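J.: Turn this into a structure:
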Amino acid sequence: QVQVIEYGGGLVQVGGSLRLSCTASGPAFSNFAMGWWRQAPGKEREYVTSISRFLTTYYADSVKGRFTISRDNAKNTVYLQMNSLKPEDSAVYYCAASGRGSPRAWKNQDDYDYWGQGTQVTVSS
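T.: As a prediction, the model looks like this:
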């Protein structure tokens, strides 16, 4: 069983930056596609970004140019660098791992096999 754990959430001011980390246990990490999702109160979970095993990255339009996903396979870790944060970025951020290919660039929740418990990000104005 793969365990996914997020780190790094917190409170940040508008325009600030925050970096989230996510580790996924097991030797197969380098074969996983990884994704970040978020869910604000009263809203559905939404796609943020994903990175393939070949380092191809994909982003939701709402975060493109502000957020950057990266991975370090030697550390079994994926990162989400968030810059120019806005109040609407406030949410619980979830990390997820996929051991499958996806024609949808892992932009669908059903593409993922393992999920973390989430970490809260709050952007204050």
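J.: drop to CA atoms for contacts and neighbour counts, all remaining ones
T.: OK.
J.: For the residue nearest the centre of the chain, give me its contacts.
T.: In the chain, the C-alpha closest to the average C-alpha coordinate belongs to Trp36, at a distance of 2.0 Å (CA atoms, centre = their mean). Trp36 is in contact with Tyr47, Val48, Thr49, Ser50, Leu80, Tyr93, Tyr94, Cys95, Ala96, counting by CA atoms under 8 Å, 6 or more residues apart in numbering.
J.: neighbours around the closest residue to the last one other than its chain neighbours, how many?
T.: Nearest residue to Ala96, sequence neighbours excluded (CA to CA, 6 or more residues apart in numbering): Trp115, at 4.4 Å. When neighbours are counted by other CA atoms under 10 Å, Trp115 registers 22.
J.: Identify each buried residue in stretch 51-70, please.
T.: Within stretch 51-70, the residues scored as buried using 16 or more other CA atoms under 10 Å are Ile51, Ser52, Arg53, Thr57, Tyr58, Tyr59, Val63, Phe67, Thr68, Ile69, Ser70.
J.: Can you name the two of those residues that sit furthest apart?
T.: Arg53 and Val63 (21.1 Å; CA to CA).
J.: Setting the sequence-adjacent residues aside, check what's closest to Tyr112.
T.: Using CA to CA, 6+ apart, the closest residue to Tyr112 is Ser98 (4.4 Å).
J.: Check the gap between that neighbour and Leu20 for me.
T.: Look at Ser98 and Leu20: by CA to CA, to the nearest Å, they are 19 Å apart.
J.: hang on, the earlier thing: present the buried residues of stretch 51-70 as TSV; the columns should include pLDDT, secondary structure and distance to Ser125.
T.: TSV is the format used below for those (pLDDT from 0 to 100; DSSP: H, G, I helix; E, B strand; the rest coil; distance: CA to CA, whole Å):
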residue	pLDDT	secondary structure	distance to Ser125
Ile51	97	strand	30
Ser52	96	coil	34
Arg53	95	coil	37
Thr57	97	strand	30
Tyr58	97	strand	28
Tyr59	98	strand	25
Val63	98	coil	18
Phe67	98	strand	19
Thr68	98	strand	22
Ile69	98	strand	25
Ser70	98	strand	28
